[in-house]
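> I would like to see how this sequence folds:
(one chain, ligands or ions: 1)
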Amino acid sequence: MGEITVVIIRQAPPAGAYRQTYRVPRAGMLRVLDVLNYVYENLDPSLAFRNLICRDGVCHACFLVVNGKRSMSCFTPVRGLGDTVEIGPAPGEKVVRDLVVEHDYDLPPGPPVVFESDPHGQADDHG
Ligand code: FES
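Residues are numbered from 1 along each chain as shown. All right, here's what the predicted structure looks like:
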């Protein structure tokens, strides 16, 4: 099955953005959200991203840019993305940290937003 090279555009404002590369096993990576969870759980717990309870295309808060296309991480299959996957924050939004942005729309009512990682970098001070 091999591995995927995952390049994540990270940022801890006010510092500028930088790219960080990870090697992730392809096996078991169905969606981009699975890749982010793998990186967080196995490689780098300092990575910040929105990991919402919805995970079903309902809350629309997991938008990212994946290989140059605006995509929902919970819906975007890894298959077909190629051997290198570049993941960045949603465009046009203020970056809080890494892949977490301030949305310019209200999230719908429902389960609370859960950050699986630490969006404000209190566990790590990269950048
Ligand atoms: S996690 Fe809700 S739409 Fe992706």
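
> in the helix or strand encompassing Ile9, what counts as buried?
Assessed by DSSP states H and E, Ile9 sits inside strand 3-10. Within strand 3-10, the residues scored as buried using 16 or more other C-beta atoms under 10 Å are Ile4, Val6, Ile8, Ile9, Arg10. Glycine gets a C-beta too; all of them are placed from N, C-alpha and C.

> so who does the second one touch?
The contact partners of Val6, taken as C-beta atoms under 8 Å, 6 or more residues apart in numbering, are Thr21, Tyr22, Arg23, Val24, Val35, Val39, Thr84, Val85, Ile87.

> once you drop chain neighbours, what's closest to the residue positioned nearest the centre of the chain?
Nearest residue to the geometric centre of the chain (C-alpha atoms, centre = their mean): Phe49, 4.5 Å. Distance criterion C-beta to C-beta, 6 or more residues apart in numbering; nearest residue to Phe49, sequence neighbours excluded, is Leu99 at 4.0 Å.

> hang on, that neighbour packs against Tyr40?
No. Applying C-beta atoms under 8 Å as the test, Leu99 and Tyr40 come out as separate, 10.6 Å apart.

> which residues are in contact with each of those two?
What both Leu99 and Tyr40 touch, as defined by C-beta under 8 Å, 6+ apart, is the set Leu47, Phe49.

> looking at the two, which is more packed in?
For Leu99 against Tyr40, the residue with the higher neighbour count under other C-beta atoms under 10 Å is Leu99, and the figures read 27 against 18.
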